[in-house]
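Novice: just to be clear, the model below is a prediction. Sequence and coordinates:
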2 protein chains.
Amino acid sequence: MNITADKVKQLREKTGAGMMDCKVALQESAGDLEEAVTILRKKGIASASKKAGRTASEGVITSYIHPGSKVGVLVEVNCETDFVARTKEFQDFAHDVAVQVAAMDPRFRSREDVPEELLSREREILLGQLANSGKPDNVKKQIVEGRLEKWYTENVFMDQAFVKDDSQKMHDFINNHIAKFGENIVIRRYSRFKLGEASE
Amino acid sequence: MNITADKVKQLREKTGAGMMDCKVALQESAGDLEEAVTILRKKGIASASKKAGRTASEGVITSYIHPGSKVGVLVEVNCETDFVARTKEFQDFAHDVAVQVAAMDPRFRSREDVPEELLSREREILLGQLANSGKPDNVKKQIVEGRLEKWYTENVFMDQAFVKDDSQKMHDFINNHIAKFGENIVIRRYSRFKLGEASE
């Protein structure tokens, strides 16, 4: 089937993927733009997990001050090349990350950053709440792990819903951008200040 | 002597002091504007040290990202009232503090924040450098304290020279603003990120 240059251009703008990838995806989707996006995204996420191990030492430091100047965030977002770091798209992406941290106040960056003793204490508390439930131990354990998943979505940056589109978790949002930029991306660190709160 | 309203206005704009204070200062200086500034500053600094003990829990969070986005700073600067916090002058002041931290990378906020063991180690090193100098111990001690003063001006925010006017130390710069705003001001905390540096 014949794919017009105009359609390829539209798909490129929508996804940031390369020209040949767009052409192939449009051929596979028989010219259907939405379907082609899905095809690219599937391929993209597949390639994102390959890229996630690569060293990311370039990037940007950016900040977001919430209107009123009572909450502010500083973030370091890394990618692999200064070329990508300088693009408006990458800077917009880093800005979204800073807004997210300001809005959702994550206590930890990823599950790996949650201290083991804090997890055990959470488990104990949740188990204690089920003490008089009369349920068998294996069921209790399942319920606890389910509630712990919910705890992650409240406290861990990577598991939180993206404030600008709550159909995505931050984990997905970042993987989509790894696919889009074709480079590994790491949210290296952040500071969030709220006026008058106890400092760490 | 007769002080014109125009001269009072000029002095107010220069110092931020109240109208009556400006009028009195101009009378004392016989209408000399520069002399009146000095008079107000002397009074101001006298009142600044009285104000320095008061609680400051209002203020702003602000940031400065150095062009190129490789260095960024987030600061919390406190004052006593939200009224002062909302003024452009206070926000400009907080911005200057953020620029200062970006440029000078202070390791500590004030002398009180320097850990005692780090100070003893510095003293030992400096004393070691004088081991073969043949000088008496009390002279060595004086030299060490002198060099320690220099170390403070390099590592401690309050002792560093203000980058926009190196005739002032940050300590003076802040005291002048305590006098200007008529409220205690506290540099509560800051974060400084440099791209790719080891995180704490």
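Specialist: Cool, got the structure. Numbers count the residues shown, from 1 in each chain, chains lettered A, B, ... in the order given.
Novice: can you pull out the strands in chain A?
Specialist: For chain A, the strands defined by DSSP state E occupy A:58-65, A:71-79, A:161-162, A:165-169, A:186-194.
Novice: gap between stretch A:171-190 and the chain center?
Specialist: 7 Å (C-alpha atoms, centre = their mean, to the nearest Å).
Novice: can you redo the strands of chain A as TSV with distance to A:A98, mean neighbour count and mean pLDDT?
Specialist: Quick note: C-beta positions are derived from backbone N, CA and C, even for glycine. What follows is those, written out as TSV (distance: least, C-beta to C-beta, whole Å; neighbours: other C-beta atoms under 10 Å in any protein chain shown; pLDDT from 0 to 100):
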stretch	distance to A:A98	mean neighbour count	mean pLDDT
strand A:58-65	4	24	97
strand A:71-79	5	25	97
strand A:161-162	13	18	96
strand A:165-169	16	12	93
strand A:186-194	8	20	95
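Novice: between these, which one is closest to B:I125.
Specialist: With C-beta to C-beta as the criterion, B:I125 lies closest to strand A:186-194 of those, at 31.1 Å.
Novice: same for that closest one, what does it pack against?
Specialist: In terms of contacts (3 or more C-beta pairs under 8 Å, 6 or more residues apart in numbering or on different chains; DSSP states H and E), strand A:186-194 is packed against strand A:71-79, helix A:88-104, strand B:71-79, strand B:186-194.
Novice: tell me what angle the longest one forms with strand A:58-65.
Specialist: Computed with axes from the mean of the first three to the mean of the last three C-alpha atoms, to 10 degrees, the direction of helix A:88-104 lies at 40 degrees from that of strand A:58-65.
Novice: helix A:88-104 close to chain B?
Specialist: Yes - counting by C-beta under 8 Å from any C-beta of the partner chain, chain B is contacted by helix A:88-104 at A:Q91.
Novice: what residues does that helix touch?
Specialist: With contact meaning C-beta atoms under 8 Å, 6 or more residues apart in numbering or on different chains, helix A:88-104 is reached by A:16, A:59-60, A:62-64, A:66, A:71-75, A:77, A:79, A:84, A:157, A:160, A:162-164, A:170, A:173, A:177, A:180-181, A:185, A:187, A:190, A:192, B:69.
Novice: contact partners for the most centrally placed residue in chain A?
Specialist: Closest residue to the average C-alpha location of chain A: A:M170 at 2.5 Å, with C-alpha atoms, centre = their mean. Residues in contact with A:M170, defined by C-beta under 8 Å, 6+ apart, are A:Q100, A:F157, A:M158, A:D159, A:Q160, A:A161, A:F162.
Novice: who's in contact with the fourth one?
Specialist: Applying C-beta under 8 Å, 6+ apart, one finds that A:D159 lies in contact with A:R111, A:Y152, A:T153, A:K169, A:M170, A:H171.
Novice: and of those residues, the nearest to chain B?
Specialist: Of all the contacts of A:D159, chain B sits closest to A:R111, with 18.3 Å by C-beta to the nearest C-beta.
Novice: that closest one: neighbour count?
Specialist: Counted with other C-beta atoms under 10 Å in any protein chain shown, the neighbours of A:R111 add up to 14.
Novice: any idea how far it is from A:I178?
Specialist: In this view, A:R111 and A:I178 are 18 Å apart by C-beta to C-beta, to the nearest Å.
Novice: cool, and A:L74?
Specialist: Relative to A:I178, A:L74 is positioned 22 Å away (C-beta to C-beta).
Novice: ditto for A:D113
Specialist: As judged by C-beta to C-beta, A:D113 and A:I178 stand 20 Å apart.
Novice: residues of chain A that sit close to chain B?
Specialist: When proximity is defined as C-beta under 8 Å from any C-beta, chain A approaches chain B at A:57-63, A:65, A:69-76, A:78, A:85, A:91, A:188-189, A:191, A:193-196, A:199.
Novice: remind me which residues of chain A are low pLDDT?
Specialist: Applying pLDDT under 70 to chain A picks out residues A:1, A:15-16, A:44-54, A:198-200.
Novice: farthest residue from the center of chain A?
Specialist: The C-alpha centroid of chain A is most remote from A:G134, which lies 38.9 Å away (C-alpha atoms, centre = their mean).
Novice: which parts of chain A are helices?
Specialist: Taking DSSP state H, the helices of chain A run over residues A:5-15, A:19-28, A:33-51, A:82-85, A:88-104, A:116-129, A:137-155, A:170-181.
Novice: buried deepest among those, which one?
Specialist: Ranked by mean neighbour count under mean count of other C-beta atoms under 10 Å in any protein chain shown, the helices of chain A are led by helix A:170-181, which reaches a mean of 21.
Novice: please compute how far that one lies from its chain's middle.
Specialist: Remark: helix A:170-181 is offset 6 Å from the chain centroid, using C-alpha atoms, centre = their mean.
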